[in-house]
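[1] Build me a model:
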Amino acid sequence: MKHTFLALALTLSAGTEVAAQDVGLVELTIAASHHSQDMQIAVMFPAVGKHQTVIAENEIFYGTSVFKDAEPIQGQYPVVLLSHGWGGNYARMAWLSAGLVSRGAIVVAVNHPNTTTFDFDYASALDHWTRAEDMSAALDYVLQDPIFAPIIDETRIFATGLSYGGWTALSLAGVQGSRDGFFDYCKTAGAGSQFCNELTAEGVDITAIDQDRYEASYRDPRISGVAAIDPGLTWDLAPQDVQDVTVPLLLVGLGEGTHRLNATDTSAMGSNFEALVPQASVKTIAPATHFTALGLCKPAGEALLIEEQDDPVCTDPVGTDRTQVLNTIIDALADHFELN
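    The predicted structure follows:
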């Protein structure tokens, strides 16, 4: 995505209220020993608060209403770990976090070092295993936190994510990658893949990535269910790459036909990852596109992005009701995780 959209995506300010009430937000910076820097995380939770604000509001998107630094409502809550996509951030996915909180979950999201909006490094961006380690580290933190640990139901810990984040969630379930499979995909896709073109333009050599680390297992045994929304990196996987997956899976696909993003298509028309995990539930939402899941656009958002020649993140297929699509995603995840 070009810098205009990325710079807007993390803007935090007061604005239009579009999300559920009584959603608490605490933003933290924690140590991440597997990186050379600390990591930002956000914890969203059922709360009682006095000072409401809106995050992720900008010229393109409506924001999400939260109570910052509010007191959590006492109880026992499941945890959902949330991973953003390539070049994204946890604020842009706040609509999903708030939706899951409104259904009775605590959501723990991170800004992945080296692949987030204002911290992106092509040299290490495809070191996907660090993202799984990010989520496990964030989970470690909240399970030891004196405020959140007492209200977490440790028997109900789930993971979800969009795009690259969808792959991160699958990694936590035990799905293992294929470095050469991804290389072969980009070689075959050629000019047909914007993502692969971007990697080529930036001089990324997929074959130079540490193959052993790329293809190792990053399963977190604490995870009891995963929902992956349009996950990436699922090309040319083999049965042995999913042999350690024992938790319930949900695969959410956005769009059909030409509106389906090829790089994240898990159907028989794409990577056919679904055939490897016949036990998974599959839900296709259409009309929609991959970018529909980035949140609710303002009326002028599409025109502004076209003017800036940026990615068509607000341009949906004819007949798309973006609000309905977002609500459908929330409902699908809430049902899969058996939330309230």
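
[2] for stretch 196-208, what is the average pLDDT?
    Per-residue pLDDT values over stretch 196-208 give a mean of 92.

[3] Just the CA trace of it, in PDB.
    What follows is stretch 196-208, C-alpha atoms only, in PDB (Å, rounded to 0.1, in the frame of the first residue of the first chain):
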ATOM      1  CA  CYS A 196       4.900 -10.500  -5.500                       C
ATOM      2  CA  ASN A 197       5.600  -7.500  -7.700                       C
ATOM      3  CA  GLU A 198       6.100  -5.400  -4.600                       C
ATOM      4  CA  LEU A 199       8.600  -7.900  -3.200                       C
ATOM      5  CA  THR A 200      10.500  -8.000  -6.500                       C
ATOM      6  CA  ALA A 201      10.600  -4.200  -6.700                       C
ATOM      7  CA  GLU A 202      12.100  -4.100  -3.200                       C
ATOM      8  CA  GLY A 203      14.700  -6.600  -4.100                       C
ATOM      9  CA  VAL A 204      13.400  -9.300  -1.700                       C
ATOM     10  CA  ASP A 205      14.900 -12.700  -2.400                       C
ATOM     11  CA  ILE A 206      12.500 -15.300  -1.000                       C
ATOM     12  CA  THR A 207      15.000 -18.100  -1.500                       C
ATOM     13  CA  ALA A 208      17.500 -16.300   0.800                       C
END
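
[4] Give me the contact list for it.
    Residues outside stretch 196-208 that contact it (CB atoms under 8 Å, 6 or more residues apart in numbering): 122-123, 125-126, 179-180, 182-183, 185-186, 189-191, 263. For the C-beta atoms, the positions are set from N, CA and C on the backbone; glycine is no exception.

[5] hmm, try it at 10 Å
    1, 86-87, 122-123, 125-126, 179-180, 182-191, 193, 214, 262-263 (CB atoms under 10 Å, 6 or more residues apart in numbering).

[6] so of those residues, which ones are in helices?
    179-180, 182-189, 214 (DSSP state H).

[7] most surrounded residue in these?
    The residue in the ones in helices among the contacts of stretch 196-208 with the most neighbours, by other CB atoms under 10 Å, is residue 182 (26 neighbours).

[8] Enumerate every residue touching it.
    With CB under 10 Å, 6+ apart, residue 182 has these contacts: 126, 128, 196, 199, 206-207, 209, 214, 232-237, 263, 271.

[9] List only buried entries from these.
    Taking 16 or more other CB atoms under 10 Å as the criterion, what is buried in those is 126, 128, 196, 199, 206, 209, 214, 232-237, 263, 271.

[10] Show me which of those residues is closest to residue 314.
    residue 263 (19.9 Å; CB to CB).

[11] Narrow the contacts of residue 182 to those in strands?
    The strands, defined by DSSP state E, take in nothing from those.

[12] in the helix or strand hosting residue 132, what counts as buried?
    According to DSSP states H and E, residue 132 maps onto helix 129-144. By 16+ other CB under 10 Å, the buried positions in helix 129-144 come out as 129-139, 141-142.

[13] And for stretch 272-282?
    273-274, 276-277, 280.

[14] mind listing which of those are in helices?
    Per DSSP H, those map to helices at 273-274, 276.

[15] distance between the ends of stretch 139-159?
    Distance across stretch 139-159, first residue to last, is 10 Å (CA to CA, to the nearest Å).

[16] buried sites along it?
    For stretch 139-159, by 16+ other CB under 10 Å, it's 139, 141-142, 145, 148, 151-152, 156-159.

[17] and if you look at stretch 43-55?
    43-47, 49, 53-55.
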